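Asker: sequence first, predicted model second:
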Amino acid sequence: MTRAGARNLLLHGAVLVLLFALNFVLPEYHRGILSRVMVLAVFAMGYNLAFGYTGLLSLGHAMFFAAGLYGAGLTIYHLGWSVWPAFGAGLLAGGVVAAAIGFLALRTTGVAFMIVTLMFAQVFYLGTLYFTTYTRGEEGLILPQASRKLELPGAELILTDPAVRYMTALTLFAAVLVGIFLLVRSSFGRALVAIRENEERMRMLGYDVFANKLLAMIVSGVICAAAGAAYAVLFGYVGSGFAAIQYSILPLLWVLLGGAATTLGPLIGTLFMFYVIDIASGLTRAHLLVVGIALILVVLYFPKGIAGTIRERWLRWLQ
Amino acid sequence: MSKNRKPNIITSNGLTRRATLKGMAASAGLMAAPGFVRYAQAQTSEPIRIGFQCHRTGIGAAYGRWYERVTNVAARVINEAGGINGRSLEIIIEDDGTDAARGSEVLEKFANQHKVDLVYGTLFSHVVVGSAPMAGELKIPYYVVSEGYHVASGQMNRYCVQPGITDVKAQVRSMAPWIAENLGKRVTLIYPDYAFGHDHRDFFGPAIEAQGGEVIAQVPIPPTETSFTRYFPQIPSDTDVIYHVMVGPAVLTFVKEMGEFFGTGGPQLFGFIDSLEAVDLNSPGLEFLEGSHFWEGMARYVQPEMPDYEIAYREAVGLDESGASVNDPKDVSTAAHMFGCWETLYVIKRSMEACGYRGPQDRTSLIEATEAMTEMDAGPEHPQGRKVFNGKIHQVFGEQSISQVRDGKLEVVHRTSIEDGLYEPEADYTTMSF
Amino acid sequence: MAFGPYFLLATLEGLVTAAVLALTALGLSLVFGVMRVVNVAHGEFYMLGAVLAWWLASLVSGHPAIGFLLALIVSPLLVAAVAFLAERLVLSRLKYEPEATIVATIGLLYIIQQLALTFYGPEARPVRAPFDMRIALPWFGYSAYKLSVIGMAVLLMLATWILLTRTKIGLLMRATQSDRETALAFGIPVGRVYAGVFALGAGLAAVAAVLIVPTQQAHYLMGLDPLLLSFIVVIIGGLGSLRGTLVAALLIGLSDGIISMFFSPTLAKMLATLLVALVLVFRPQGLFGTAMR
């Protein structure tokens, strides 16, 4: 392994160890928040794969997150499934939706792709309202506390326990982080970046650009759906709000803040955005003003996002 | 929930305790009558901290602003009268952005960082439903002021109560007899196509049929809509009454377009004032509402022969004759809902006094004390009117007003009885474990 | 209602929706077309236009047309000034980097929304239409002001077209749009052109908002829908094509109106959105666009 590779391995390992240790030292409130942030960072990592690495600016990723959320939530609520198969249903829902949308939307590029995904997501959102009989629309559903248990051989994890919840979120986060870490070093990952940089050249070189992009969309959709399904079982609530346009803009914002096409950027961006809102709302009632100013300042000094700019200026080896 | 029904130590112990609590609650009710000054000065100690989940930003901000004002005034009034068990009340406010996810985070913040005694005050039902699981997990009482049917339906947990405002099912059921008798029996429903609208649809249909009427058409409107005229042809021409419950900033457009469409010859109109809370009835375009009827939780405009305690409440929260802020006549209140904050704080006070609340260790007794409540008399603590609390479904029942727009003002023309809104309970929280 | 009059109503509604869409999209089509940046705050300029219109109209008494005209002139100027400032202070320093611009304009969105919430408030408030007339047809009534919006949309599109094709300013804009580097080489002050375009785009959004606010109302969260719809219209029409913007608005407005005759409202909305999305899937460059990335 190269020196840069070793450094990256060390850094990512250290981040995971740090997150593990934080469970034992963080005050209760911040531990609870970090559980949420890790799940949402998975959403952002999924988005980063499509947007950061493959260059697909989508404004419809809320539908993949929501597909996972509803795939898991509805099967638990209406069919009484346990968490494992429900989580699987969530992943499957995300994968199927991503494949179908990708197949159609990838006929377009650039801004047209952005608008097509936006409109498909809007249809999905309206669908969650149209089927209010099953989804309870904007009000949403509560997953019964008793159903939120993870069966493991020889053990049963109560997901409503804060420590278990933290560790479950960390496990998911770690799995996806390692997966992305390996993926972007693989030939598939390098092909995606090459497609982002110059699609024509890749086509000339004999790559099936469409198939590569479609696969990237599906993997991205499944990761986002995993975040959605985890959110449903860990926090017990499923509602249309998660399918609305705001949840398509948020992962874009998190990724841009943290640094597109960096493996740790999504976590940094999600964490940053959460604490800016949390701290600002404690300081003033006009907290959106503070959030807005913070965003502009960050982008003025870190135009490539926090991790992206660090990589550009100081740590060239950063993955 | 059915899986939760194992009897356990807490509930079986609670039975005897509840009987005593009932007695205490009744005596507390007596003492709370006007004229009662304060408890003997008890130990001075830490204030009781109440976390107020407030819609400061997002779509609920117009409601949130008035909920905040009423809450602050009620807390001040309670403190001036000696507080609760001799301790003062402290309100800690966090903005939930009218967002379900943020609502749940804020609830965690209240419980784990602010270390409040209980959480209170949420209005929008998606925020309530989104926050409820966290309240159950953190075992912190959650007193909501939301008018949703979510609490009474039994889908929440033992920590969620709604003791200060009636739910939509009771509201809708108590409207049906009056509508059938006075406006007509053939009704077309226009409602937003999501849970809030579907509740109206599902509860109103059977209620009007019980009165010999029927719903002849339903027009569900998607929430992203900003223009409505294209849907009006779906209203059958033999409609007697249009029942409308639109919400959101596009409501003015809705009413205006309805006026343009029908002119003066249209069917009768019956609406829920939710549509026009915080909106001046004399806004351009609303002339068409003249003569139409509305449900009001509590009167916005000063009515003749208003009881003293209602006048006193209005003065305390700063309402002028038209239900706007005394400081700014353009700042119209959400009068039909915000009284719920006032009344809920007094219910909390009474429950804390009944169970001798000392701190978070008494949270379950606090819930049990609230569950033990039944009658709430009209008066300074319940300015909206008499209420009956059903401890099994954690939901209060009360009287409703039906008002008519006359000369651009809402005049109360009918007051329903509590019995009009009662329904068979579908759940029993008291059998669930804490 | 019989099919004929119902169809007439659906068509009328579709035309008004189209006019509103076209108006709203006008400013964005300039900003997006020339600067190639995704301005997420565009809807907030629109909202600001509506909120300022309410404030200006409430300053004067007398015939509602006076307040309306005052708003129509002053509100767009104020909004354009705000946009100009934002462009000089923030966007220009980001060198119009597309990704950084998205973050910065989201920041701008938060700032404008909070200022509107703090100083204007959370309520929805209407502005009186300059004239209040109901056209009574045999089957239903219709607002004359809403019909006049169609005419105003046509006029505004025409004025923008003339500005773009017949004036020196328009020439500079078009030159910058087609090739930024060459424009720079020819001594065109690209920075100032961008600032002007950004201000003009925001001003047009404000004009649209002032014209629309008598039929809808000013509210601090009203910016999101016009933002999304404008993006859709601009892209479906084909970037940089005013004619395309108009045709796309017509397509969306009419399909929205007519599909709603046959299905329940939410389903109709879903089908109409799907239909428009498929148009783009099978014609990725937009209706009148040349291939672009």
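Answerer: Now that the structure is in, tell me what you want to look at.
Asker: C-alpha from now on. contacts and neighbour counts both.
Answerer: OK.
Asker: what does chain C have sitting close to chain B?
Answerer: C:1, C:6, C:9-10, C:13, C:117, C:121-128, C:134, C:140-143, C:215-217, C:219, C:221, C:225, C:257, C:260-261, C:264-266, C:269 (C-alpha under 8 Å from any C-alpha of the partner chain).
Asker: contacts with chain A among those residues, please.
Answerer: Near chain A, by the rule C-alpha under 8 Å from any C-alpha, you find C:266, C:269 out of these.
Asker: can you tell me if the helix or strand encompassing B:His126 touches chain A.
Answerer: B:His126 belongs to helix B:125-138 when assigned by DSSP states H and E. Yes - with C-alpha under 8 Å from any C-alpha as the criterion, chain A is reached by helix B:125-138 at B:125-127, B:129-130, B:132-134, B:137.
Asker: any idea how far B:Lys169 lies from B:Ile393?
Answerer: Distance, B:Lys169 to B:Ile393, by C-alpha to C-alpha, to the nearest Å: 13 Å.
Asker: same thing with B:Leu276?
Answerer: Remark: distance between B:Leu276 and B:Ile393 (C-alpha to C-alpha) = 29 Å.
Asker: residue ranges for the helices of chain C, please.
Answerer: For chain C, the helices defined by DSSP state H occupy C:3-35, C:42-59, C:64-86, C:98-119, C:144-166, C:168-178, C:180-185, C:190-212, C:224-237, C:242-259, C:265-282.
Asker: for the stretch 151-293 of chain C, give me the ranges with low pLDDT.
Answerer: Applying pLDDT under 70 to the stretch 151-293 of chain C flags residues C:290-293.
Asker: tell me the residues on it that lie near chain A, please.
Answerer: C:231-232, C:235-236, C:266-267, C:269-271, C:273-274, C:277, C:280-282, C:284-286, C:293.
Asker: show the pLDDT at the closest residue to chain B within the stretch 51-200 of chain A.
Answerer: In the stretch 51-200 of chain A, the residue that lies nearest chain B is A:Glu139 (4.0 Å; C-alpha to the nearest C-alpha). On the pLDDT scale, A:Glu139 is placed at 93.
Asker: A:Val17 now?
Answerer: pLDDT recorded at A:Val17 is 97.
Asker: mind listing the strands for the stretch 51-200 of chain B?
Answerer: Shown for the stretch 51-200 of chain B, the strands assigned by DSSP state E, counting those that start in this stretch span residues B:89-95, B:118-120, B:142-143, B:160-161, B:186-192.
Asker: chain C: which of these is closest?
Answerer: Across the strands of the stretch 51-200 of chain B, closest to chain C is strand B:186-192 (C-alpha to the nearest C-alpha), at 9.7 Å.
Asker: what's stretch A:107-124 in contact with?
Answerer: Applying C-alpha atoms under 8 Å, 6 or more residues apart in numbering or on different chains, the contact partners of stretch A:107-124 are A:56-63, A:101, A:105-106, A:243-245, C:231-232, C:235-236, C:270-271, C:273-274, C:277, C:280-282, C:284-286, C:293.
Asker: what subset of the residues you listed is buried?
Answerer: Buried subset of the contacts of stretch A:107-124 (neighbour count, 16 or more other C-alpha atoms under 10 Å in any protein chain shown): A:56-63, A:101, A:105-106, A:243-245, C:231-232, C:235-236, C:270-271, C:273-274, C:277, C:280-281, C:284-286.
Asker: take the strands of the stretch 51-200 of chain B and write them to a markdown table, including distance to chain C and mean pLDDT.
Answerer: Conversion of those to a markdown table gives the following (distance: least, C-alpha to the nearest C-alpha, whole Å; pLDDT from 0 to 100):
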| stretch | distance to chain C | mean pLDDT |
| --- | --- | --- |
| strand B:89-95 | 13 | 96 |
| strand B:118-120 | 22 | 96 |
| strand B:142-143 | 25 | 97 |
| strand B:160-161 | 28 | 96 |
| strand B:186-192 | 10 | 94 |
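Asker: need these in CSV with distance to B:Glu46, can you?
Answerer: Formatted as CSV, those follow (distance: least, C-alpha to C-alpha, whole Å):
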stretch, distance to B:Glu46
strand B:89-95, 9
strand B:118-120, 15
strand B:142-143, 21
strand B:160-161, 25
strand B:186-192, 46
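Asker: so which of the ones you listed comes closest to A:Ala21?
Answerer: strand B:89-95 (29.2 Å; C-alpha to C-alpha).
Asker: give the partner strands of that closest one in its sheet and their orientations.
Answerer: strand B:48-54 (parallel) (DSSP bridges).
Asker: and the partner strand, average pLDDT?
Answerer: 96.
Asker: for stretch A:103-123, same thing?
Answerer: Stretch A:103-123 comes out with an average pLDDT of 94.
Asker: so who does the residue of chain C found nearest chain A touch?
Answerer: Nearest residue of chain C to chain A (C-alpha to the nearest C-alpha) works out as C:Gly107 at 3.8 Å. C:Gly107 is in contact with A:291-296, counting by C-alpha under 8 Å, 6+ apart.
Asker: give me the buried subset of those residues.
Answerer: Buried residues within the contacts of C:Gly107, counting neighbours by 16+ other C-alpha under 10 Å: A:291-296.
Asker: who in chain A is up against chain B?
Answerer: So far as C-alpha under 8 Å from any C-alpha goes, chain A lies against chain B at A:28-29, A:32-33, A:126, A:129-130, A:132, A:136-142, A:144-146, A:160-161, A:235-239, A:241, A:281-282, A:285.
Asker: please pick the buried ones from those.
Answerer: A:28-29, A:32-33, A:126, A:129-130, A:132, A:136-142, A:144-145, A:160, A:235-239, A:241, A:281, A:285.
Asker: what's in contact with stretch A:199-214?
Answerer: Here stretch A:199-214 makes contact (C-alpha under 8 Å, 6+ apart) with A:54, A:99, A:102-103, A:106, A:188, A:191-192, A:194-195.
Asker: inside helices: which ones of the buried ones among the contacts of C:Gly107?
Answerer: A:291-296.
Asker: any chance of the residues you listed in a markdown table, plus distance to C:Ile111?
Answerer: A markdown table is the format used below for those (distance: C-alpha to C-alpha, whole Å):
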| residue | distance to C:Ile111 |
| --- | --- |
| A:Val291 | 8 |
| A:Gly292 | 5 |
| A:Ile293 | 7 |
| A:Ala294 | 10 |
| A:Leu295 | 10 |
| A:Ile296 | 10 |
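Asker: what about the residues of chain A next to chain B, which are in helices?
Answerer: Using DSSP H, the residues of chain A next to chain B in helices are A:28-29, A:32-33, A:126, A:129-130, A:132, A:235, A:281-282.
Asker: of those residues, which are in range of chain C?
Answerer: A:126, A:130.
Asker: in the ones in helices among the residues of chain A next to chain B, find the pair that's most separated.
Answerer: Distance extremes for these: the farthest pair is A:Glu28 and A:Tyr130 at 38.8 Å, using C-alpha to C-alpha.
Asker: what parts of chain A come near chain C?
Answerer: A:104-105, A:107-112, A:115-116, A:119-120, A:122-123, A:126-127, A:130, A:253, A:256-257, A:286-296, A:299-300, A:303-304.
Asker: residue in the stretch 1-150 of chain C with the shortest distance to chain B?
Answerer: C:Gly141 (4.4 Å).
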